[in-house]
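Visitor: I would like to see how this sequence folds:
(one chain, ligands or ions: 2)
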Amino acid sequence: MDISELLDGLNDKQREAVAAPLGNYLVLAGAGSGKTRVLTHRIAWLIAVEGISEGAIMAVTFTNKAAAEMRQRIESTLALHSSRRLFGMWVGTFHSIAHRVLRAHYADAGLPQDFQILDSEDQLRLLKRLLKLHNYDEKMYPAKQACWYINNKKDEGLRPHQIDDMNDRQEQEWIKIYRLYQDTCDRAGLVDFAEILLRAYELFLNKPLILQNYQRRFGQILVDEFQDTNKIQYEWIRLLAGKTGNVMIVGDDDQSIYGWRGAQVENIQKFLDDFERAKTIRLEQNYRSTGNILQAANQLISHNSNRLGKDLWTEDDKGEPVGIYAAFNELDEALFVSSQIKSWLEDGGKLDECAVLYRSNSQSRVLEEALIRAQIPYRIYGGMRFFERQEIKDALAYLRLVNNRYDDAAFERVINTPTRGIGDRTLETLRQLTRERQITLWQATQVAIQENKLTGRAATALMRFVELINSLVQETEEMPLFAQTDFVIKHSGLYQMYEQEKGEKGEVRIENLEELVSAAREFIKPDEADEMSDLTAFLTHASLEAGEEQAGPHQSCVQMMTLHSAKGLEFPRVFMVGVEEGIFPSFMSVEEPGRLEEERRLAYVGITRAKKKLTVCYAESRRLYGKEERHIPSRFINELPEECVQAVRLRGTVTRAYNRFAAGQSAVNSGRVFTADDNEWKTGQKVRHAKFGQGTIINVEGSDNNTRLQIAFQGQGIKWLIAHLAKLERV
Ligand SMILES: Nc1ncnc2c1ncn2[C@@H]1O[C@H](COP(=O)(O)OP(=O)(O)OP(=O)(O)O)[C@@H](O)[C@H]1O
Ligand SMILES: [Mg+2]
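Guide: Numbering: from 1, shown residues only. Ligands and ions are numbered 1, 2, ... in the order given. You can find the predicted model right below:
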């Protein structure tokens, strides 16, 4: 292989990192400077030039999607024959890699062979149940807080007995809850996300032979997005690297955005202290964004203190200024975004080049509706995920029970779904038994029946449920995965239950269930899952990959996601919406300087996703969580340099209508017919038309007699009407 090919398309600094002699390195650089690219080329270099075997390389990425992309890029860089994959190399997230280790050594890790992953929703449900069972006051000990407490301790590497209770009663109770929860999980063979990492860490710590094995195997470890590692992840890497491993980490302190989840940006500094002769390489040229976008990002982040300090420059043109759009309200904002996406398309752009970024998932709904109305396909990345939808979780719970009858979370979920006359009282009895005898719910069921602990009707219903699960296991034993999935959905009663659900919702649910069968059919067991049954591998895939990408046809569509999940990605056209005080920065963060700076880093991440064109939007009034509130633009907008930004002014009419509204003149003119002189149109206003019936104004253009209104009529579609001719009635 020609060495120069590996270094082509890299600048000097990048080459220095890619071709560095074996050792420990920190590549510290701002957004879009090619950190991820360096990591990918470095791996190819290690294989092609240093002669390192693929199997000796472990690369940690931030998402499973990024892992797949990295693998593919390395393969194409090495120009391997397309049918050959890099078999021995491990590329994945911390969770997927740690999980793989646990699967291989489940017994040494103290887990049953078919242990299952408990996702965050299941975890919360389980905690709710436990807290209730042990008579905790919901107000003093909310399940959410318990969840947070436990995950936090695990992220710090702490088990209940290792926590200092500081003689504090409250703390002692939390420790007790942690212990209760952990015992329950252990009995049922369930591990939550934080547990995956902690277990794998403890496994290495307690079984030196296993650790040595991995240390000998993985001489080369590479980690992307290192600024967002937490304590346990850091320690895990340190343990694994041992004295002989070589570690290259890449990161950007300005993009550390998971402090609230225990990430420690100090890990970058610690790396330099802990790893022998660790050397820092800085990259300073940005290849992603135009001059204006980059300058805006640089200026914004300069408002933070305690930075490691980096300069970023670009050879690119200034490009278009960063647009700032002051929307009248959240509907207007959504319409603006959809109309801008349309113009992007008209100018020859593609849908998947567009991304809409928001602070929290709850902001997506209004945007989704506007996109649907404009018939623009979109995908929510990391939002309401396919594998998290109610009907899918129900079906997966049945499959989990089929796989492992001791899975308490799955048992709880489907014991009475569809209803089969098993009430709370019966469940309480079972739960009681699990506590007294330290057994799982499934076992409790047998005990309850044998020892006549239930009324005749409840016992019969339970017995039927047990028979149902047993028969699902027997009947599907020999089936391929997709047939098994189909059979379980059809014979558990789920399909029939959702079929009876009226209207659109029921239909969508049935479609989703069918989609699950397709997902099972398309599922290819990854090579690391060799040892697992197809079903276990599929269930693992469902819990690990949930939400990284929406299921559905691979058509080109707009990408919608939270700012957090946009990390590492890039798009030619980016919209940041809801950039208002109280939303972004979030209401909770403005009081605390540390958290405010983390919000600013999040804004920096958002801005630096844009390659060609960025628009920042805020709404002057917004209805969120059912409350309408007036908002002011985020301080982050004021922190952008004036010379790089430009206000977007589209519709004077809207602004005027808004001004009148603000001045309190927008009287409630109920039932009045508008004449030519009336020009108080505003988006969001409901009107009635003689022919089309009731509708909502979604767009206003022009003024006076030329005012045109775009109105979404119920059941009649969207129409443009000339305002003074339309004889609209306000409702
Ligand atoms: N030397 C180069 N020549 C041309 N393009 C480059 C070069 N280096 C990186 N790029 C391109 O610049 C973009 C940003 O690179 P990359 O995603 O690796 O940056 P990053 O530092 O990882 O960014 P982030 O901090 O957002 O994760 C990519 O499109 C990449 O292909
Ligand atoms: Mg990157």
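Visitor: so for L203, what's the pLDDT?
Guide: Looking at L203, its pLDDT is 97.
Visitor: scratch that, I268 is what I was asking about
Guide: pLDDT, I268: 94.
Visitor: can you get me a residue count around it?
Guide: 21 (other C-beta atoms under 10 Å). Where you see a C-beta, it was placed from the backbone N, CA and C, and this is true even at glycine.
Visitor: which helices and strands does the strand or helix carrying it pack with?
Guide: Per DSSP states H and E, I268 falls inside helix 266-274. Helix 266-274 sits against strand 25-29, helix 231-241, strand 246-251, with contacts defined as 3 or more C-beta pairs under 8 Å, 6 or more residues apart in numbering; DSSP states H and E.
Visitor: again, only this time at 7 Å
Guide: strand 25-29, helix 231-241 (3 or more C-beta pairs under 7 Å, 6 or more residues apart in numbering; DSSP states H and E).
Visitor: can you pull the buried residues of that helix?
Guide: For helix 266-274, the buried set under the neighbour-count rule, 16 or more other C-beta atoms under 10 Å, comprises N267, I268, F271, D274.
Visitor: need the strands for the stretch 1-150 of the chain, in chain order.
Guide: Along the stretch 1-150 of the chain, the stretches classed as strands by DSSP state E, counting those that start in this stretch are 25-29, 57-60, 90-92, 116-118.
Visitor: before we move on, what about the stretch 551-700 of the chain?
Guide: Using DSSP E, counting those that start in this stretch, strands in the stretch 551-700 of the chain cover 558-562, 571-576, 610-619, 621-624, 627-630, 645-648, 686-689, 693-701.
Visitor: let me see the mean pLDDT of the fifth one.
Guide: If I follow you right, that is strand 627-630. The model assigns strand 627-630 a mean pLDDT of 76.
Visitor: chain center to it, what's the gap?
Guide: How far strand 627-630 lies from its chain's middle: 27 Å, per C-alpha atoms, centre = their mean, to the nearest Å.
Visitor: that strand pairs with which strands, and in what direction?
Guide: With DSSP bridges as the test, strand 627-630 is paired with strand 621-624 (antiparallel).
Visitor: now T440: closest residue in space, sequence neighbours ignored.
Guide: Using C-beta to C-beta, 6 or more residues apart in numbering and skipping the chain neighbours, the partner closest in space to T440 is Y406 (4.2 Å).
Visitor: again, but for L331
Guide: Closest to L331 by C-beta to C-beta, 6+ apart is G684, at 5.0 Å.
Visitor: the one you found: neighbour count?
Guide: 15.
Visitor: for ligand 2, see how far away it is.
Guide: G684 is 40 Å from ligand 2, where distance means C-beta to the ion, to the nearest Å.
Visitor: from memory that residue sits against N329, does it?
Guide: Yes - contact criterion C-beta atoms under 7 Å: G684 and N329 qualify, at 6.1 Å.
Visitor: need the residues that contact stretch 628-646.
Guide: 292, 295-296, 299-300, 303, 321-324, 579-582, 584-585, 600, 603, 616, 618-622 (C-beta atoms under 7 Å, 6 or more residues apart in numbering).
Visitor: distance from the chain centre to that stretch, please.
Guide: Relative to its chain's centre, stretch 628-646 lies at 27 Å (C-alpha atoms, centre = their mean).
Visitor: now swap in stretch 454-462 and tell me
Guide: 42 Å.
Visitor: which part of the stretch 451-600 of the chain gets nearest to ligand 2, residue-wise?
Guide: Closest residue of the stretch 451-600 of the chain to ligand 2, C-beta to the ion: G568 (4.4 Å).
Visitor: quick one: pLDDT of that residue?
Guide: Reading off the model, G568 has pLDDT 93.
Visitor: ok, and the closest non-adjacent residue to it?
Guide: Of all residues not flanking G568 in the chain, F62 sits nearest, at 5.6 Å (C-beta to C-beta, 6+ apart).
Visitor: mind checking how far that neighbour is from Y381?
Guide: 13 Å (C-beta to C-beta, to the nearest Å).
Visitor: V648 now?
Guide: Counting by C-beta to C-beta, the gap from V648 to Y381 is 25 Å.
Visitor: and these two? Which one has more around it.
Guide: The neighbour comparison of V648 against Y381 (other C-beta under 10 Å) goes to Y381, with 20 against 16.
Visitor: mind checking how far the more buried one is from D122?
Guide: 22 Å.
Visitor: who's in contact with the residue in the stretch 601-731 of the chain that ligand 1 sits nearest to?
Guide: As assessed by C-beta to the nearest ligand atom, ligand 1 sits closest to T608 within the stretch 601-731 of the chain, at 5.9 Å. Each residue near T608 by C-beta under 7 Å, 6+ apart is listed here: A31, G32, R288, S289, A297.
Visitor: just the ones of those in helices?
Guide: A297 (DSSP state H).
Visitor: of the contacts of T608, list those near ligand 1.
Guide: Of the residues in the contacts of T608, proximity to ligand 1 by C-beta under 6 Å from any ligand atom holds for A31, G32, R288.
Visitor: from the residues you listed, pick the one nearest M166.
Guide: A31 (40.6 Å; C-beta to C-beta).
Visitor: quick check: nearest residue in space to the closest one, chain neighbours excluded?
Guide: Closest to A31 by C-beta to C-beta, 6+ apart is T608, at 3.5 Å.
Visitor: same deal with E284?
Guide: In space, E284 is closest to D311, 5.3 Å off (C-beta to C-beta, 6+ apart).
Visitor: between the buried residues of helix 266-274, which is closest to ligand 2?
Guide: Among the buried residues of helix 266-274, and counting by C-beta to the ion, the member closest to ligand 2 is I268, at 14.8 Å.
Visitor: so the closest one touches G251, yeah?
Guide: Yes - between I268 and G251 there is a contact under C-beta under 7 Å: 5.7 Å.
Visitor: what do the two both touch?
Guide: F226, Q227.
Visitor: what's the pLDDT at L371?
Guide: 85.
Visitor: can you check my assumption that it lies in a helix?
Guide: Yes - counting by DSSP: H, G, I helix; E, B strand; the rest coil, L371 is found in a helix.
Visitor: just confirm it contacts S338, I think it does.
Guide: Yes - shown here, L371 and S338 form a contact pair, counting by C-beta under 7 Å, at 5.5 Å.
Visitor: start to end distance for stretch 720-731?
Guide: End-to-end distance of stretch 720-731: 19 Å, with C-alpha to C-alpha, to the nearest Å as the criterion.
Visitor: for that stretch, buried residues please.
Guide: Buried residues in stretch 720-731 (16+ other C-beta under 10 Å): L721, A723, H724, A726, L728, E729, R730.
Visitor: the second one contacts L709, doesn't it?
Guide: Yes - A723 is in contact with L709 according to C-beta under 7 Å; the separation is 5.2 Å.
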